[in-house]
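In: make a model of this:
(one chain, ligands or ions: 1)
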Amino acid sequence: MDIFQVLTRGANVKKSNRSGVNADFSKSKTDQNVTFLPGSTRKQDTDQQLTKELDFFRNKRTVLKAEKEHQATEDSLTTSPEKLSNTPVDDRATLRISNAEEAAQLRKSYGGNVTGEDLPLPIGSFEDLVTRFKFDKRLLSNLIDSHFTEPTPIQCEGIPMALQGRDILASAPTGSGKTLSFVLPLLQQAINSRKTEGLKGLIISPTKELANQIYLECVKLSNKIFLDKKRPLAIALLSKSLSAKLKNKIISEKKYDIIISTPLRLIDVVKQEALDLSTVKQLVFDEADKLFDQTFVEQADSILASCRDPQLRKTMVSATMPSGLEEIAQSIMMDPVRIIIGRKEAANSNIEQKLVYCGNEEGKLVAIRQMVQEGAFKPPVIIFLESITRAKALFHELLYDNLNVDVIHAERTQIQRDKIIERFKTGEIWCLICTDVLARGVDFKGVNLVINYDVPRSAQAYVHRIGRTGRGGRSGTAVTFYTKLDDIAVKPIINVMKQSGTEVAEWLDKFSKMTKKEKEALKKGKKSGDRSQISTVPKVVKQKKRQRKEMVEASKKRKRLEE
Ligand SMILES: Nc1ncnc2c1ncn2[C@@H]1O[C@H](COP(=O)(O)OP(=O)(O)OP(=O)(O)O)[C@@H](O)[C@H]1O
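Out: Residues are numbered from 1 along each chain as shown. Sure, this is the predicted structure:
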């Protein structure tokens with residue numbers, strides 16, 4: 001039986017049922033959204049799997065409903081039947097938060113920690129936005145059409161803060177709806193300032209894939225929204241072709257209300273004076289800790305310097321918030337609001353995290369093959385490696401194993417990358433091998449399993465990588481392989497596991513304590529030892545080679561005996 005058959009068996013998906021996988025994975029938007037519809041079977045299943053405190057997609061409903069029911073029982077003992085019959089039926093889609101006490105209760109339900117001066121109340125529902133902020137009804141209708149019926153905790157907090165014109169530093173788990181939390185206020189404020197010309201909102205993302213994803217979300221939510229009779233709300237992804245058109249004045253820069261871009265492309269266009277950022281009122285750094293790390297910080301600074309409007313409002317968002325980022329935020333923001341949902345530096349609690357000791361590099365391949373045979377390799381799967389060379393090598397190895405696999409890394413062209421992502425989304429590819437280029441932000445809805453073939457370089461990288469599963473309220477599994485070379489690198493991972501509430505064996509717990517020397521080594525960037533190559537020689541070739549060697553040796557032996 002070849003590995004493909006084993007995989008099919010392991011995944012419990014018959015070949016004839018492949019469309020079933022597609023439907024569950026990503027193709028069907030309806031299916032994806034059904035997950036969040038009240039009363040759906042899958043929702044009930046997931047409810048059972050998630051802890052009450054950190055169920056980012058629906059625990060408020062559960063908690064508030066329980067609290068309301070409790071209150072109703074108490075009321076029924078003390079109030080008249082008339083009052084009871086007039087009590088509105090609890091409906092999370094119209095829940096309103098009207099005072100500090102209710103706000104505190106709501107925040108407690110989702111483990112929200114919000115600090116800053118003069119804080120606005122969170123919203124209890126998207127409907128709440130209409131009454132409190134004159135939220136555009138067309139936007140609300142597009143939200144409902146997209147099956148976004150209830151705000152997630154980061155949306156409850158982030159949207160009112162942004163609409164009140166606050167600078168925001170926000171952290172919430174991977175896959176918990178941060179995108180909508182900054183996209184909605186941007187769209188609303190662009191609608192509000194319809195009369196002014198020029199760019200109003202700017203979203204910066206570290207990768208093209210993520211920028212494209214945010215762009216598509218903006219387009220979906222701004223559907224059929226016109227700023228006046230002729231002019232639709234104009235949103236653009238700063239692609240190669242658009243930047244060429246802007247530079248050659250084929251398109252007027254004034255045309256766009258909101259632009260989404262990676263840092264370098266934006267800076268290039270701005271330097272050539274093809275795009276003026278001085279009118280920008282809202283600037284969002286998605287994956288802010290990445291955008292302000294050593295690789296990007298100069299570019300982020302340059303963008304900040306070009307956004308010269310004194311009223312500029314800034315937002316920094318990420319699932320991880322190292323203390324360095326907080327310091328940067330304090331230095332560039334005015335009176336910021338700090339929003340933390342869940343535990344800082346913890347992974348999404350929907351993800352089951354496992355560590356697998358593989359001894360050496362060969363052990364990792366054995367472990368993958370074992371997972372396939374045991375049915376633990378449930379597609380769709382993403383496998384992360386630390387370098388392009390290693391990603392390519394594993395790709396060839398698994399290709400030989402007949403796994404339905406492809407690979408994405410920085411050396412592949414954008415067209416290739418887009419095609420592979422599309423094929424992975426539609427279920428044509430079941431296993432995607434990649435470098436950290438896909439570690440952040442990318443939303444593949446139904447990914448069941450993430451494998452860290454190589455231990456990630458930091459706790460943050462780990463949180464983002466494994467966050468490609470367990471998104472939007474679904475559950476997922478993350479497996480991290482480690483070898484004897486990773487004795488230091490694996491320690492921060494164990495600490496994230498502990499932070500996220502994963503039980504770790506006592507010996508691992510003890511092992512994870514870092515000595516001063518190790519902490520320094522980690523700071524200096526010494527993570528793992530030199531890895532040996534992933535074998536790219538197919539098994540049969542290896543077997544034949546071994547047989548030939550054995551035959552040669554046997555014949556030599558025979559000759560020696562004859563002499
Ligand atoms: N209010 C909502 N109701 C239902 N689904 C939602 C809601 N908000 C967002 N989602 C869905 O949840 C998924 C994850 O959202 P999103 O990509 O914004 O996560 P994120 O927090 O930005 O994650 P990451 O840290 O990995 O970037 C998406 O598929 C999105 O469509």
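
In: packing partners of the host helix or strand of Trp507?
Out: Assigned by DSSP states H and E, Trp507 falls within helix 506-511. Contacts defined by 3 or more CB pairs under 8 Å, 6 or more residues apart in numbering; DSSP states H and E place helix 506-511 against helix 490-499. Where C-beta positions appear, they are placed from N, C-alpha and C, glycine not excepted.

In: centre of the chain to stretch 496-516, how far?
Out: 24 Å (CA atoms, centre = their mean, to the nearest Å).

In: in that stretch, what's buried?
Out: The neighbour-count check on stretch 496-516 (16 or more other CB atoms under 10 Å) flags Val496, Met497, Lys498, Gln499, Ser500, Thr502, Val504, Leu508, Ser512, Met514 as buried.

In: wait, the fifth one touches Asn350, no?
Out: Right, Ser500. No - between Ser500 and Asn350 no contact is recorded; they are 10.0 Å apart, counting by CB atoms under 8 Å.

In: can you list contacts of the helix holding Trp507?
Out: Helix 506-511 has contacts (CB atoms under 8 Å, 6 or more residues apart in numbering) with Leu355, Lys491, Ile494, Lys498.

In: which ones are touching Pro206?
Out: If you count contacts by CB under 8 Å, 6+ apart, Pro206 has them with Thr262, Pro263, Asp286, Glu287, Lys290, Leu291, Phe296, Arg440, Gly441.

In: go with 10 Å
Out: Counting by CB atoms under 10 Å, 6 or more residues apart in numbering, Pro206 touches 262-263, 285-291, 293, 295-296, 299-300, 437, 439-441.

In: that one - nearest residue in space that isn't next to it in sequence?
Out: Lys290 (4.6 Å; CB to CB, 6 or more residues apart in numbering).

In: and the helices in the stretch 151-300 of the chain?
Out: With helices called from DSSP state H, counting those that start in this stretch, the stretch 151-300 of the chain shows them at 153-163, 178-192, 208-221, 240-247, 263-271, 288-291, 297-306.

In: hang on, the earlier thing: give me the mean pLDDT for the helix holding Trp507.
Out: Averaged across helix 506-511, pLDDT comes to 83.

In: mind listing what's buried in the very next helix or strand once past it?
Out: For helix 506-511, the following helix or strand on the C-terminal side (DSSP H and E) is helix 516-523. By 16+ other CB under 10 Å, the buried positions in helix 516-523 come out as Leu522.

In: can you list contacts of helix 516-523?
Out: Contacts of helix 516-523 from elsewhere in the structure, counted by CB under 10 Å, 6+ apart, are Arg457, Ser458, Ala459, Asp487, Ile488, Ala489, Lys491, Pro492, Met514, Thr515, Lys526, Lys527.

In: please redo it, this time with the cut-off set to 6 Å
Out: Ile488 (CB atoms under 6 Å, 6 or more residues apart in numbering).

In: relative to helix 490-499, how tilted is that helix?
Out: Taking axes from the mean of the first three to the mean of the last three CA atoms, to 10 degrees, one finds helix 516-523 and helix 490-499 inclined to each other by 90 degrees.

In: specify the local secondary structure of the closest residue to Gly501 other than its chain neighbours.
Out: Sequence neighbours aside, Ser349 is the residue nearest to Gly501 in space, at 6.2 Å (criterion: CB to CB, 6+ apart). Secondary structure, DSSP: H, G, I helix; E, B strand; the rest coil: Ser349 is coil.

In: ok, the closest residue to the ligand within the stretch 201-350 of the chain - contacts?
Out: Going by CB to the nearest ligand atom, the ligand is nearest to Ala319 of the stretch 201-350 of the chain, at 3.9 Å. Counting by CB under 6 Å, 6+ apart, Ala319 touches Pro173, Thr174, Val463.

In: number of nearby residues for the second one?
Out: Okay, so that is Thr174. A total of 24 residues lie near Thr174 under the criterion other CB atoms under 10 Å.

In: that one touches Gly467, doesn't it?
Out: Yes - the criterion here is CB atoms under 6 Å, and Thr174 meets it with Gly467 at 2.4 Å.

In: please determine how far Val317 is located from Gly198.
Out: Distance of Val317 to Gly198, computed by CB to CB, to the nearest Å: 24 Å.

In: these two - which one has more neighbours?
Out: Between Val317 and Gly198, counting by other CB under 10 Å, Val317 is the more crowded of the two (25 against 18).

In: Lys314 belongs to a strand?
Out: Yes - judged by three-state DSSP, Lys314 forms part of a strand.

In: ok now stretch 125-145, how far from the chain's centre?
Out: Stretch 125-145 sits 25 Å away from the centroid of its parent chain (CA atoms, centre = their mean).

In: and the residue nearest to Leu221 when sequence neighbours are not counted, which of the three is it?
Out: Spatial nearest neighbour of Leu221, chain neighbours left out: Asn142 (4.9 Å); criterion: CB to CB, 6+ apart. Three-state call for Asn142 (three-state DSSP): helix.

In: tally of neighbours for Asn142?
Out: Neighbours of Asn142 (other CB under 10 Å): 19.

In: for the ligand, see how far away it is.
Out: For Asn142, the distance to the ligand equals 13 Å [CB to the nearest ligand atom, to the nearest Å].

In: that residue touches Asn223, doesn't it?
Out: Yes - if you go by CB under 6 Å, Asn142 and Asn223 touch, sitting 5.3 Å apart.

In: which residues of the stretch 301-450 of the chain fall in strands?
Out: With strands called from DSSP state E, counting those that start in this stretch, the stretch 301-450 of the chain shows them at 313-318, 337-341, 351-359, 381-384, 405-408, 431-434, 449-452.

In: count the neighbours of the closest residue to Leu246 other than its chain neighbours for me.
Out: Distances taken as CB to CB, 6+ apart put Ala274 closest to Leu246, at 4.1 Å, once the chain neighbours are dropped. Using other CB under 10 Å, Ala274 has 18 neighbouring residues.

In: model confidence for Ala274, exactly?
Out: What the model reports as pLDDT for Ala274 is 96.

In: same check, this time on Gln543
Out: Gln543 is assigned a pLDDT of 69 by the prediction.

In: quick one: contacts for the residue most central in space within the chain?
Out: For the chain, Gly441 is the residue whose C-alpha lies nearest the centre (CA atoms, centre = their mean; 3.5 Å). Counting by CB under 6 Å, 6+ apart, Gly441 makes contact with Leu210, Glu287.

In: and the gap between it and Ile214?
Out: Separation of Gly441 from Ile214 (CB to CB): 8 Å.

In: next one: Lys255
Out: On the measure of CB to CB, Lys255 and Ile214 end up 19 Å apart.

In: how about Gly359: what's its closest non-neighbour residue?
Out: Thr483 (6.0 Å).

In: thought that neighbour was touching Asn360?
Out: Yes - the criterion here is CB under 6 Å, and Thr483 meets it with Asn360 at 5.3 Å.
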